[in-house]
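>>> Would you be able to build a 3D model of this:
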Amino acid sequence: MGTISLTDEERSDIEHRIAELEVEHGDLNDIIARLSEHPSQDQLQLRRLKKRKLFLKDQLARLRDRLIPDILA
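Got it, this is the predicted structure:
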């Protein structure tokens with residue numbers, strides 16, 4: 001499989017999206033930490049937030065992979 005080069009605009013768009021997702025991921029991390037301190041918190045809400053955080057982490061990894069050329073290809 002050949003390596004597909006990104007245009008400067010595509011690279012910039014991906015970097016911008018990564019920055020947005022990192023902010024959201026960090027915000028969720030803070031919220032989850034605060035909610036976890038209180039055992040009386042809604043556990044369903046906490047699970048949903050953790051699931052969203054994991055989804056964001058996966059998205060970030062995929063986007064970062066697009067920025068790094070596949071050296072083994």
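
>>> Please make it C-alpha for all contacts and neighbour counts, starting now.
OK.

>>> for the helix or strand in which residue 58 is found, packing partners?
Per DSSP states H and E: residue 58 is located in helix 43-67. Judged by 3 or more Cα pairs under 8 Å, 6 or more residues apart in numbering; DSSP states H and E, helix 43-67 is in contact with helix 8-36.

>>> Give the buried residues for the helix it packs on.
With burial defined by 16 or more other Cα atoms under 10 Å, the residues of helix 8-36 counted as buried are 14, 18, 21, 25, 28, 32, 35.

>>> could you redo those as JSON lines and give each row distance to residue 47 and pLDDT?
Shown next, in JSON lines, are the buried residues of helix 8-36 (distance: Cα to Cα, whole Å; pLDDT from 0 to 100):
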{"residue": "14", "distance to residue 47": "28", "pLDDT": "95"}
{"residue": "18", "distance to residue 47": "23", "pLDDT": "97"}
{"residue": "21", "distance to residue 47": "19", "pLDDT": "98"}
{"residue": "25", "distance to residue 47": "15", "pLDDT": "98"}
{"residue": "28", "distance to residue 47": "12", "pLDDT": "97"}
{"residue": "32", "distance to residue 47": "9", "pLDDT": "94"}
{"residue": "35", "distance to residue 47": "11", "pLDDT": "89"}
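
>>> Which of those lies at the shortest distance from residue 5?
residue 14 (13.0 Å; Cα to Cα).

>>> Would you confirm that that closest one contacts residue 63?
Yes. Between residue 14 and residue 63 there is a contact under Cα atoms under 8 Å: 6.5 Å.

>>> returning to what we had before: show me what the helix holding residue 58 is in contact with.
The contact list for helix 43-67, computed with Cα atoms under 8 Å, 6 or more residues apart in numbering, reads 6, 11, 14, 18, 21-22, 25, 28-29, 32, 35-36.

>>> Can you give the distance from that helix to the centre of its chain?
Centroid displacement of helix 43-67 relative to its chain, using Cα atoms, centre = their mean, to the nearest Å, is 5 Å.

>>> Go through that helix and flag the buried ones.
So for helix 43-67, counting by 16+ other Cα under 10 Å, buried means 46, 49-50, 53, 56, 60, 63.
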